[in-house]
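Trainee: Sequence plus predicted model, see below.
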Amino acid sequence: MDEEGDQGLQKLKEKAKRRKGRGFGSEGTTKSGVDDYEGMDVDEDGGPGPQRSVEGWILFITGVHEEAQEDDIYDKFTEYGEIKNLHLNLDRRTGFLKGYALVEYETFKEAQAAMDALNGSDILGQKISVDWSFVRGPTGKKNRRSSSGRRRSSDRR
C-alpha cells in the first residue's frame, strides 16, 4: 500500500508547476478589480514642471517663522486667489511651526501668481521660499545607470 501512495504522490508532484514569489506572472489568479486602478490625468507636454495634485495646485512654502499664525500665511497668499486649503504643521514638542506650510489653490494661474510674487518675500521678518509641492520628473529618455543605482568600476579593491 505504501508503494501505491508513493506513486500517487509522485504523479501529483509531476503535474504541479513550481512557482516562486508572488503573482506567478500573468497566468496566476489575481483578485478581481486589481488591474483597474483609478489614475490621474497627467499632462504629457514634455519635460519637468509643476504637476496638479488630486485636489488642486499645491505650493510648498519653506522658511516660515516658527511663531507665524495661520492668519499670517492666509492674509499673504489670499491676495492671489481663493485658497482652497492651508496646512501648517506644528512640532509636537514645542508647539511651534515646523518651518513650512502647504497652500492649495484651485487654478494654476492663481498658484503661479502667488509663487512668482511671494517667493523671496518676508513673513514676520523671515524670508520665505515658495515652490511647487508636486513636479513631474525628467522625461525618462536619458541614459540611466544600472538598476541597482551603483556605479560599476573596473578597479575594485
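Mentor: Yep, it's here.

Trainee: Tell me, how many residues neighbour H87?
Mentor: Each residue near H87 was counted by other Cβ atoms under 10 Å, and the total is 12. To be clear about C-beta, it is placed using only N, CA and C from the backbone, and glycine gets the same treatment.

Trainee: give me the beta-bridge partners of it?
Mentor: For H87, the beta-bridge partners are L102 (DSSP bridges).

Trainee: Looks like it contacts K98 (just checking).
Mentor: No. Taking Cβ atoms under 8 Å as the contact criterion, H87 and K98 are not neighbours in contact, 10.6 Å apart.

Trainee: quick one: low-confidence parts of the chain?
Mentor: Within the chain, the set of residues satisfying pLDDT under 70 comprises 1, 23-47, 139-157.

Trainee: can you rerun that using 90?
Mentor: By pLDDT under 90, the low-scoring segments of the chain are 1-55, 133-157.

Trainee: Do a quick rundown of the strands in it.
Mentor: 49-50, 57-62, 83-90, 97-105, 122-123, 126-127, 129-132, 135-136 (DSSP state E).

Trainee: of all these, which lies closest to Q10?
Mentor: strand 135-136 (56.5 Å; Cβ to Cβ).

Trainee: Who does the closest one pair with, and is each partner parallel or antiparallel?
Mentor: Strand 135-136 is paired, per DSSP bridges, with strand 49-50 (antiparallel).
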